[in-house]
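Student: no sequence on this one, just coordinates:
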Ligand code: TC6
């Protein structure tokens, strides 16, 4: 795990723990033993710590956090390094993160490759840098910089690291050779002043002011998260307390965090995201045994907001795009829109001017579908209508080369029905982007009954290439994301029963959702839902009125229709569930008129309103969603619960520190969740989404709580 060798006057300790040289107990033991060996070897004048493979060290082994601690800690190794009488130099390339950076900070010197990155990402795991990082970094960088770096978890480039004294020298050539040259230049120099433990924190007397300012910022930026606040407390300790007492405070706050539900959820989320890329189909094909096809060029059909956003994603990743619209006027508008997005990125410093020009050069607009004949992949993003899509796919099938993949950005429609319009259903898949496509990181890739493993591998790989988080779903009505989301449905019922929309939004925001559902409805426009409901009613031959209480044997609430009919379409008309001041249209204002409309609606229908608790709001909105999530698992629409949670985090801004609805259910306890679902099913028999899932019933009947990663082992459809 740590290769030890002596090369002339240098002991080289090479961390060798693929893939990212995490500090497992074998690595810490190896480093500790290596330092002792080097100290005992008279021929050794200096010690170099370096990493084998792509990185120096990605920090503590995150998989070990949920197991009992064994072996030596990072601080034990660190103290051995720092107190060494021979100079210890860390040579960093790739990344030095978390415990990896802490090891580097215990060294007397740090040199790095120019592309190396440094950081303390522990907050993103609900933790703090618990191997004295919060006490040592302020001694190098000063308090405000340390506060910002540690609470944000961001990565610093090598130049910035030099600026703050984290790196002593950036080197150009072979890192180990440079480390030896560097070591030769410092052998024999005194080490005392290089031991961070002995350094004073600059401007320690101002720490309370720095702390108060940083706390305000952290509470605003990282609402609901406890780890950034704990980081600030220990950094304050570094300035106020003697070193060992500050280290003691850091240890106790780290212990609190590591046992917190937030950290459990964030660590789960870290692995959930990576696991989404590892897909497996029911026929055994998987990411491990399937090669993706090549995507060197793409076409996007439909240049509306969605199509333009998708084109931006492809262009940014260096994939030339042929953008197809019905006429030149629409094309021109789309091209202007796309350029505006690029200009915005340049203004924000996220893109260079040259890159913008390169992207624009790779974009070709056309009104002729025939122009897509040579592309490797087509993504269709036209109006959500099956017949229209089938027509387009039939044409594409004739025009495109036989190897081309044909994808649809549909958010609900059956991929099998779309594929049936072609002679190549194996090459048809869904690539459901979320709006705005150039910003939202999620792509829900959808396979149909005939989609080939190669096509699945291709769309999953394309997602990775364009910087998205891709999750795989089997085709069904609404796929994972839209099928599962019952928050809006239950929220409207709750309003009818007695809750105020403003209270519901506040309760869900306090839970951690970034925006309440009624604000979201106003943002997307009440006309969208109204049109869908009208279509559904038309298909059933029903005429919807203000008195409609049931539709297709399901409970129906006509309040949203009423608002729409009063011209309250949401932000775009200045009024919806909220009202909006034209001077500040982004700020929703609760509206007494809406409360009157609700009151009148209930009086007319003879609904007796009642007091509704925050607990009921959470249960009704989330448990209904969770129940559907279990049905999605039962039907193999999602392969594993963590895929569902990734969709919720990236598609619906579900708080990452709660893991996602499925992880949240596992923390509440499946038996409790199941009992409440049964209760609501008995209370609301006309809402099909309360019919309890069989998988949930089975898991809840177990005497022991089954961990989330074992739910699917316990599921067989033959109950
Ligand atoms: C800490 O240090 C606390 C210290 C105080 C203690 C008292 N442990 O992301 P990738 C796995 S807390 C275990 O796909 P990339 C990852 O799961 C830690 N495993 O690659 C994946 O496994 P798979 C603070 C880890 O090139 C594989 O490595 N450090 C760890 O896109 C490749 O990962 C962090 O939070 C780990 N620490 O990015 C750093 N890290 O192949 C977390 C990764 O089986 N890591 N794995 O799926 C990262 O940010 C990124 O992984 C990366 C590499 C930038 C290192």
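Tutor: On my side now, so go ahead. Here the structure is a predicted model, which is why all the values come from computation and not from measurement.
Student: burial of residue 153, as a residue count?
Tutor: 21 (other CB atoms under 10 Å). Where C-beta positions appear, they are placed from N, C-alpha and C, glycine not excepted.
Student: hang on, it packs against residue 119?
Tutor: Yes - the pair residue 153 / residue 119 is scored as a contact, 6.5 Å apart, by CB atoms under 8 Å.
Student: quick check: residues of the protein near the ligand?
Tutor: 19-20, 22, 55, 58-63, 74, 95, 97-99, 121-122, 125, 127, 129-131, 271, 274 (CB under 6 Å from any ligand atom).
Student: could you rerun that using 5 Å?
Tutor: 19-20, 22, 58-62, 97-99, 121-122, 130-131, 274 (CB under 5 Å from any ligand atom).
Student: pull out the buried residues from stretch 386-397.
Tutor: 389, 390, 392, 393, 395, 396, 397 (16 or more other CB atoms under 10 Å).
Student: by proximity to the ligand, which residue of the stretch 251-400 of the chain wins?
Tutor: residue 274 (4.0 Å; CB to the nearest ligand atom).
Student: state the distance from that residue to residue 460.
Tutor: Distance, residue 274 to residue 460, using CB to CB, to the nearest Å: 13 Å.
Student: list the contacts for the nearest residue to residue 195 once chain neighbours are set aside?
Tutor: Excluding the flanking residues, the one nearest residue 195 by CB to CB, 6 or more residues apart in numbering is residue 82, at 5.2 Å. Contacts for residue 82 (CB atoms under 8 Å, 6 or more residues apart in numbering) come out as 106, 107, 108, 195, 196, 197.
Student: can you tell me which of these is closest to the ligand?
Tutor: Looking across the contacts of residue 82 and measuring by CB to the nearest ligand atom, the closest to the ligand is residue 106, at 12.4 Å.
Student: from memory that closest one sits against residue 78, does it?
Tutor: Yes - contact criterion CB under 8 Å: residue 106 and residue 78 qualify, at 3.6 Å.
Student: now do the shared contacts for those two.
Tutor: By CB under 8 Å, 6+ apart, the residues touching both residue 106 and residue 78 are residue 132.
Student: flag every buried residue along the helix or strand hosting residue 75.
Tutor: In this structure, residue 75 is located in helix 74-82 according to DSSP states H and E. Going by neighbour count (16+ other CB under 10 Å), the buried part of helix 74-82 is 74, 75, 77, 78, 79, 80, 81, 82.
Student: of those residues, which pair is most distant in space?
Tutor: 74 and 82 (12.1 Å; CB to CB).
Student: can you give me the neighbour number for residue 419?
Tutor: 27.
Student: same check on residue 556?
Tutor: 18.
Student: residues contacting it?
Tutor: 544, 548, 549, 550.
Student: does the first one touch residue 535 like I think?
Tutor: In other words, residue 544. No - look at residue 544 against residue 535 with CB under 8 Å: they stay out of range, at 10.8 Å.
Student: wait, doesn't residue 427 sit right on residue 450?
Tutor: No - using CB under 8 Å, residue 427 is not in contact with residue 450; the gap is 9.2 Å.
Student: who has more neighbours out of these two?
Tutor: residue 427 (25 against 16).
Student: next up, the contacts around the more buried one.
Tutor: 403, 404, 405, 406, 451, 452, 455.
Student: worst-scoring helix or strand of the chain, pLDDT-wise?
Tutor: Sorting the helices and strands of the chain by mean pLDDT, DSSP states H and E puts helix 526-540 at the bottom, at a mean of 87.
Student: ranges for the helices of the stretch 201-350 of the chain?
Tutor: Taking DSSP state H, counting those that start in this stretch as the criterion, the stretch 201-350 of the chain carries its helices at 207-221, 227-240, 243-258, 261-276, 305-316, 328-347.
Student: run through this protein and note the low-pLDDT ranges.
Tutor: 68-69, 714, 716-719 (pLDDT under 70).
Student: what does the helix or strand where residue 471 lies contact?
Tutor: Using DSSP H and E, the element containing residue 471 is strand 469-474. Defining contact as CB under 8 Å, 6+ apart, one finds that strand 469-474 is touched by 273, 276-277, 279, 430, 441-447, 456, 459-460, 462-464, 479-481, 635-639, 643, 646-647, 650.
Student: out of everything not next to it in sequence, what's closest to residue 167?
Tutor: Of all residues beyond its chain neighbours, the one nearest residue 167 is residue 161 (4.2 Å), with distances taken as CB to CB, 6+ apart.
Student: and for that neighbour, the neighbour number?
Tutor: 27.
Student: and if you look at residue 60?
Tutor: 26.
Student: test my guess that it contacts residue 99.
Tutor: Yes - using CB under 8 Å, residue 60 is in contact with residue 99, at 4.2 Å.
Student: excluding chain neighbours, give the residue nearest to residue 625 in space.
Tutor: Nearest to residue 625 is residue 486, by CB to CB, 6+ apart, at 4.6 Å.
Student: ok, the one you found - contacts?
Tutor: Going by CB under 8 Å, 6+ apart, the list of residues near residue 486 reads 621, 624, 625, 628, 689.
Student: scan these and report the most crowded one.
Tutor: residue 621 (26 neighbours).
Student: show the subsequent helix or strand relative to the helix or strand where residue 150 lies.
Tutor: Using DSSP H and E, residue 150 maps to helix 143-152. Heading C-terminal from helix 143-152, the first helix or strand you meet, by DSSP H and E, is strand 155-157.
Student: residues in contact with that next one?
Tutor: Strand 155-157 is contacted from outside by 95, 97, 115, 116, 117, 118, 119, 121, 149, 164, 166, using CB under 8 Å, 6+ apart.
Student: which strands border that strand, and is each parallel or antiparallel?
Tutor: When pairing is defined by DSSP bridges, strand 155-157 lines up against strand 117-119 (antiparallel).
Student: not counting its neighbours along the chain, what's nearest the residue in the stretch 501-650 of the chain positioned nearest to the ligand?
Tutor: Per CB to the nearest ligand atom, residue 642 is where the stretch 501-650 of the chain lies closest to the ligand, at 12.0 Å. Counting by CB to CB, 6+ apart, residue 272 is the residue found nearest to residue 642 once chain neighbours are left out, at 3.6 Å.
Student: surely that neighbour and residue 644 touch.
Tutor: No - in this structure, residue 272 is not within contact of residue 644 by CB under 8 Å, at 9.3 Å.
Student: quick check: neighbours shared by these two?
Tutor: residue 660.
Student: which of the two has more neighbours?
Tutor: The neighbour comparison of residue 272 against residue 644 (other CB under 10 Å) goes to residue 644, with 30 against 27.
Student: other residues contacting stretch 18-33?
Tutor: So stretch 18-33 is contacted by 1-2, 4, 13, 15, 17, 49, 51-62, 64, 70-74, 76-77, 80-81, 95, 99-100, 103 (CB under 8 Å, 6+ apart).
Student: show me the contacts for residue 400.
Tutor: Per CB under 8 Å, 6+ apart, neighbours of residue 400: 372, 373, 375, 378, 406.
Student: count the residues that sit near the first one.
Tutor: Here the number of neighbours of residue 372 (other CB under 10 Å) works out to 25.
Student: what do you get for the third one?
Tutor: Burial of residue 375, expressed as a neighbour count using other CB under 10 Å, amounts to 24.
Student: hang on, the earlier thing: pick out whichever of the contacts of residue 427 sits closest to the ligand.
Tutor: Closest to the ligand, out of all of those and judged by CB to the nearest ligand atom, is residue 455, at 22.9 Å.
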